[in-house]
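A.B. asks: Requesting a structural model of the entry that follows:
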Amino acid sequence: MAKKKGARVTVILECTGCIRNGPKKVSAGISRYITQKNRHNTPNRLELRKFCPYCYKHMIHGEIKK
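C.D. replies: Coordinates of the predicted model:
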């Protein structure tokens, strides 16, 4: 039998400050976190303040597609 899809899904959060703005502005890397969310309670994209080791400060990390 096939399993039912649960309400909890795995999402990837990416730093909004580390996004490359052009060929001249190259960052050292992009900070990413993996977490879970309940898609019934939070249908919109998730945004959390997490520490970015490349920016050396707390930044907004937004949900991205896999």
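A.B. asks: list the contacts for the most centrally placed residue in the chain?
C.D. replies: Residue closest to the mean C-alpha point of the chain, counted by C-alpha atoms, centre = their mean, is Leu13 at 0.9 Å. Listed by C-beta atoms under 8 Å, 6 or more residues apart in numbering, the contact set of Leu13 reads Arg32, Tyr33, Ile34, Thr35, Leu46, Glu47, Leu48, Lys50, His61, Gly62, Glu63, Ile64. C-betas here are computed from N, CA, C, even on glycine.
A.B. asks: Would you map the strands across the chain?
C.D. replies: In the chain, the segments counted as strands under DSSP state E are 8-15, 32-38, 47-52, 57-64.
A.B. asks: okay, these in JSON lines with mean pLDDT next?
C.D. replies: Formatted as JSON lines, the strands of the chain follow (pLDDT from 0 to 100):
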{"stretch": "strand 8-15", "mean pLDDT": "94"}
{"stretch": "strand 32-38", "mean pLDDT": "94"}
{"stretch": "strand 47-52", "mean pLDDT": "95"}
{"stretch": "strand 57-64", "mean pLDDT": "93"}
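A.B. asks: which of the contacts of Leu13 tops the neighbour count?
C.D. replies: Neighbour tally across the contacts of Leu13 (other C-beta atoms under 10 Å): the maximum, 24 neighbours, falls on His61.
A.B. asks: Could you point out the bridge partners of the spatially closest residue to that residue that is not a sequence neighbour in the sheet?
C.D. replies: Excluding the flanking residues, the one nearest His61 by C-beta to C-beta, 6 or more residues apart in numbering is Leu13, at 3.9 Å. Legend: beta-bridge partners of Leu13 under DSSP bridges are Tyr33, Glu63.
A.B. asks: Show residues contacting stretch 30-41.
C.D. replies: Taking C-beta under 8 Å, 6+ apart as the rule, stretch 30-41 contacts 7-15, 18-19, 46, 48, 50, 52-55, 59, 61, 63.
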